[in-house]
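> coords please:
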Amino acid sequence: MSNKILIPVDFSIHSDKAVEYAVQLAEKNNFQIDLLHVFTDHSNIYMNALKDPSLVDPRVPEAKQKMAKLMEKQNQDTPGIQFQPLYADGNLYDEVRRLAAKEQYDAIIMGTKGAFGLDALLIGSNMFDVFLNTKVPVLAVPYSEKKFKVDKVGLLCNFKYGEIDVLKQAIKVYGTNFELVLIHVNTSNESVHNIDKSFEVFIDKIVEETGIEDISYVIKSQTFFVQYKEDISSAINTVIADELLDVLLVTKSKKTFLRKIIEENIVKKMAYDIKIPKFFARRTEE
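Take a look at the predicted model:
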C-alpha cells in the first residue's frame, strides 16, 4: 500500500472539503496527503519565480500563503497528518496525470463544483479521457455542511471479478468497517431467480477475498425503467437515496455492464451529479 493521497486544490470551499474528507481518511489509515496547486493562467509563473526573484509573480507567494494556512488549519484540527505541498505550471489535467504516473497514490480526491473539481475534469474529450484512463482511483467529493460518513457503501455490480478488484482498491482508502450494498441494473431482463443465484456466488467470493460479511443487494429491473421512464443513471440515484448510501463505487471497465454505461455517457452523468462521494476506479490489470 502506498498510503498517499493526491488532492488538486484551488483554495475554494470545494477543494477545502476534499481536504477535510481526506483528513478523515488519513486519521484512520495514516495517509500522507499531497496537495497540488497548478498555476493555469500563465505557463511559467511558478518556474519563473524559482529561477529569478525579479520575476516572482504576486500570485505565487499568495498561493503559498493560502497553502500554508490550509495546512495549518488542518493540523490544528487533526495534528499528526503529514502534508506535502506541490506546485506546478500549466494544465491541471496533465499535471495530475503526470504525478499519478510518477507516484503511487491510493486515490486522487477531487472536490466537485470547484474550478478544479471533477466538473472541470470532464469538460472536453481530452479531460474526460484522462478521467477514464487514469490508473489511480478518482474519488469525487461534493460540498456538504454535514460530516461525511462511511457506514454504507454501494458497489455497481455485474458479477465480474473486476468489481471485486475495485472494491479492494476502495478498502485501501476506507477500510472494511462498512455495510456493502451491491447494485445490479438488470438491463437484459434476466430472471430474478437467476440474478439471485448470481448474487449468492458473488457474495461468497467477496467474503472470501475481502473479509466483508455485512452485504446486501438491490436489483433494478427493466420494468422499473418502463414504469417510471427513468434511465440507468436515474435508477442508480434512486438506489443511492433509498438505501441512504454514503459512498458509491463505480468500476471503469469496457468489459462489464459499465461498457453500456460509458456508451450512454452515464458515467459522465454520474460524475457531474455528485450528491455523495463517488469512487471511480478500474481493474488494476487493465
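
> Could you pull up the contacting residues of the residue nearest the centre of the chain?
In the chain, the centroid-proximal residue (Cα atoms, centre = their mean) is Leu139; its distance is 1.3 Å. Contacts were defined as Cβ atoms under 8 Å, 6 or more residues apart in numbering; by that measure Leu139 touches 107-110, 173, 277-280. The C-beta positions use only the backbone N, C-alpha and C, and glycine is treated the same way.

> If we use 6 Å, what do you get?
Contacts for Leu139 (Cβ atoms under 6 Å, 6 or more residues apart in numbering) come out as 107, 109, 279.

> Which one of the residues you listed is nearest to Leu244?
Closest to Leu244 out of these is Phe279 (17.1 Å), distances taken as Cβ to Cβ.

> What is the three-state secondary structure of the closest one?
Per DSSP: H, G, I helix; E, B strand; the rest coil, the local secondary structure of Phe279 is strand.

> And the chain, split by domain according to the record?
Each structural domain of the chain that the record assigns through automatic domain parsing is listed here as a residue range: 4-141, 152-281.

> for stretch 84-99, what is the average pLDDT?
If you average the pLDDT over stretch 84-99, you get 88.

> Show me what counts as buried in that stretch.
Within stretch 84-99, the residues that qualify as buried by neighbour count (16 or more other Cβ atoms under 10 Å) are 85-93, 95-97, 99.

> what about that stretch, how long is it end to end?
Length of stretch 84-99, first residue to last, Cα to Cα, to the nearest Å: 13 Å.

> So which of the buried residues of stretch 84-99 sit within strands?
Of the positions in these, 85-89 sit in strands, assigned by DSSP state E.

> between these, which is closest to Val19?
Closest approach between those and Val19, by Cβ to Cβ: Pro85, at 11.7 Å.

> What are the buried residues along stretch 207-220?
Under the neighbour-count criterion of 16+ other Cβ under 10 Å, stretch 207-220 has 210, 212, 215, 217-220 buried.

> Compute the first-to-last residue distance for that stretch.
Chord length of stretch 207-220, first to last residue, is 23 Å (Cα to Cα).

> Next: stretch 25-40.
Across stretch 25-40, the straight-line distance between its terminal residues is 29 Å, by Cα to Cα.

> Over to stretch 26-33?
Start and end residues of stretch 26-33 are separated by 8 Å (Cα to Cα).

> Off-centre distance for it?
16 Å (Cα atoms, centre = their mean, to the nearest Å).

> Offset the numbering so it begins at 41, please.
In the new numbering, first residue 41, that becomes stretch 66-73.

> What ranges in this protein fall below the confidence cut-off?
41, 82-83, 86, 88, 92, 94-96, 154-173, 262-270, 293-313, 325-326 (pLDDT under 70).

> which stretches of it form helices?
With DSSP state H applied, the chain shows helices at 53-69, 85-91, 99-117, 132-142, 158-161, 165-173, 201-214, 232-250, 262-268, 272-283, 298-303, 306-312, listed in chain order.

> Return the most buried member of the ones you listed.
Each of the helices of the chain was given a mean neighbour count from mean count of other Cβ atoms under 10 Å, and the largest, a mean of 22, is that of helix 158-161.

> Mind putting the helices of the chain into JSON lines with distance to His77?
Rendered in JSON lines, the data for those read as follows (distance: least, Cβ to Cβ, whole Å):
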{"stretch": "helix 53-69", "distance to His77": "9"}
{"stretch": "helix 85-91", "distance to His77": "9"}
{"stretch": "helix 99-117", "distance to His77": "5"}
{"stretch": "helix 132-142", "distance to His77": "9"}
{"stretch": "helix 158-161", "distance to His77": "14"}
{"stretch": "helix 165-173", "distance to His77": "18"}
{"stretch": "helix 201-214", "distance to His77": "22"}
{"stretch": "helix 232-250", "distance to His77": "36"}
{"stretch": "helix 262-268", "distance to His77": "43"}
{"stretch": "helix 272-283", "distance to His77": "32"}
{"stretch": "helix 298-303", "distance to His77": "31"}
{"stretch": "helix 306-312", "distance to His77": "22"}
